[in-house]
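K.L.:
I would like to see how this sequence folds:
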Amino acid sequence: MPGSIRLFVISGIPVRLHFSFLILIAFLAFLSFSGKDALMEALVILTLFGCVILHELGHAMVARLYGVRTLEIVMFLIGGVARLERAMKPREELWVALAGPAVNIFIAASLFGLQSVLGNSNFLSEVMMLNLGLAAFNMLPAFPMDGGRVLRSILSMFFEDLKATQIAAAVGRILAVAMGIFAIWQGPLMLLLVAFFVFTGAQQEYMGQKSNSLMKGAVVKEAMIRNFISLPHGSTFQQAAEQLLDTSQQEFPVVHGNQPLGLLRRDALLTGLAQHGPDSYISSAMERDFLRVSPNDALEDILTQLAAADYTALVMEDEELIGLLTQENLNEFLVLRNLGHRRPLAAPSIEAKPIDS
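P.N.:
Purely as a prediction, here's the structure:
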């Protein structure tokens, strides 16, 4: 996830901190440390952080019951997000979405029981109320909160997935506008920032579902680039830079004959050119661990792998390089497919053009 740093790994799941979460920590610290015991409030904030992670682990553990792996947990301004390796089916999404708030309610109930044994504690009471607040906030029917996913999963029982997402996203945007108006009227500027994230999150969720809908039934060879430039293994940075200028490509397969040995990206090319000079060989900058896909792979099935490979894959058929799949041409494919264009599957492919070494 761009803009995030890795903190630790729990139950095999990387936990990352997005820069926006620092805004929330700073805001809570500002409110807490004005006139209160700073050490106690710092402990409350740290405990709240742990409760949010447990909330996301609740999602991850239930998803695991359905055989779905969690790629990472990312802590954002409005809470955490557990990124799953594939989209959930409506019934699966319902239980996965409910699992997070259920964890917070369980924590709150446990703290209430603990207080009945140990006696009242300001710290335990504050953490208990925060967990109840987290559960209530996350059940608001707006993406990207859990309530929005619950709403979509229920709607999916009556409508097709895209329509259900469209309705749920519209409800989320309306709620975000209402939150924004309330924030301007009453003055809690933090709520205005949350409203912005909810509004954009709802829109992104709908666009993501629309993209997934457009991919249904499509295979890699429909979206891949058939006419592309490859670089011989013995090419220099100077030769690669000339191809960067002469073509619109940003990524170049590095080949020996037609056997791919690596992948050279634009940023790596520029860095290598600056560090090693124009006459050095590109082999020092190419990626040797790259994604290979088959032309008959369903786009839906490789999307998670493609995202992990920074949206670049080499298309291989019987160990022969026949195409290139990038984020740019995938986006163009989705735009054209949305307009009704269908690429003939039987269209002849164009030979990859290696440059002269």
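K.L.:
which residues of this structure fall in strands?
P.N.:
Taking DSSP state E to define them, one finds strands in the chain at 4-10, 13-18, 70-76, 79-84, 229-232, 251-256, 259-265, 292-293, 312-317, 320-326, 353-354.
K.L.:
looking at those strands, which is nearest to residue 60?
P.N.:
Among the strands of the chain, strand 70-76 comes nearest to residue 60, with 3.9 Å by CB to CB. Where you see a C-beta, it was placed from the backbone N, CA and C, and this is true even at glycine.
K.L.:
let me see the mean pLDDT of the closest one.
P.N.:
For strand 70-76, the mean pLDDT works out to 83.
K.L.:
ok, stretch 295-306 next?
P.N.:
Throughout stretch 295-306, pLDDT has a mean value of 84.
K.L.:
for it, buried residues please.
P.N.:
295, 297, 299, 300, 302, 303, 304, 306 (16 or more other CB atoms under 10 Å).
K.L.:
number of nearby residues for the closest residue to the second one other than its chain neighbours?
P.N.:
For residue 297, ignoring the flanking residues on the chain, the nearest one in space by CB to CB, 6 or more residues apart in numbering is residue 220 at 4.9 Å. Here the neighbour count serves as a burial measure; for residue 220 (other CB atoms under 10 Å) it reads 22.
K.L.:
pick out the most distant pair among the buried residues of stretch 295-306.
P.N.:
Maximum pairwise distance among the buried residues of stretch 295-306 (CB to CB): 18.7 Å, between 295 and 304.
K.L.:
that older thread, okay, the buried residues of stretch 295-306 in a markdown table with distance to residue 320 next?
P.N.:
A markdown table is the format used below for those (distance: CB to CB, whole Å):
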| residue | distance to residue 320 |
| --- | --- |
| 295 | 10 |
| 297 | 16 |
| 299 | 21 |
| 300 | 25 |
| 302 | 19 |
| 303 | 24 |
| 304 | 25 |
| 306 | 20 |
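K.L.:
shouldn't residue 168 be in contact with residue 152?
P.N.:
Yes: between residue 168 and residue 152 there is a contact at 4.1 Å, judged by CB atoms under 8 Å.
K.L.:
what's the overlap in contacts for the two?
P.N.:
Any residue near both residue 168 and residue 152 by CB atoms under 8 Å, 6 or more residues apart in numbering counts here, and that gives residue 143.
K.L.:
give me the low-pLDDT residue ranges for the stretch 1-150 of the chain?
P.N.:
Residues of the stretch 1-150 of the chain meeting the criterion pLDDT under 70: 1-4, 20-21, 23-25, 27-39, 41, 77-79.
K.L.:
90 instead?
P.N.:
For the stretch 1-150 of the chain, the stretches flagged by pLDDT under 90 are 1-50, 52-53, 67-93, 115-124, 126, 137-138, 140-145.
K.L.:
ranges for the helices of it?
P.N.:
Assigned by DSSP state H, counting those that start in this stretch, the helices in the stretch 1-150 of the chain fall at 19-32, 38-65, 90-118, 122-138, 146-155.
K.L.:
just the buried residues of the third one, please?
P.N.:
Within helix 90-118, the residues that qualify as buried by neighbour count (16+ other CB under 10 Å) are 90, 92-104, 107-108, 111.
K.L.:
with residue 161 as the reference, name the closest of the strands of the chain.
P.N.:
With distances scored as CB to CB, the stretch of the strands of the chain nearest to residue 161 is strand 79-84 (15.4 Å).
K.L.:
listing partners with orientation, what would you give for the closest one?
P.N.:
Its sheet considered, strand 79-84 pairs with strand 70-76 (antiparallel) by DSSP bridges.
K.L.:
now find how far off-centre the strand it pairs with is within its chain.
P.N.:
8 Å (CA atoms, centre = their mean, to the nearest Å).
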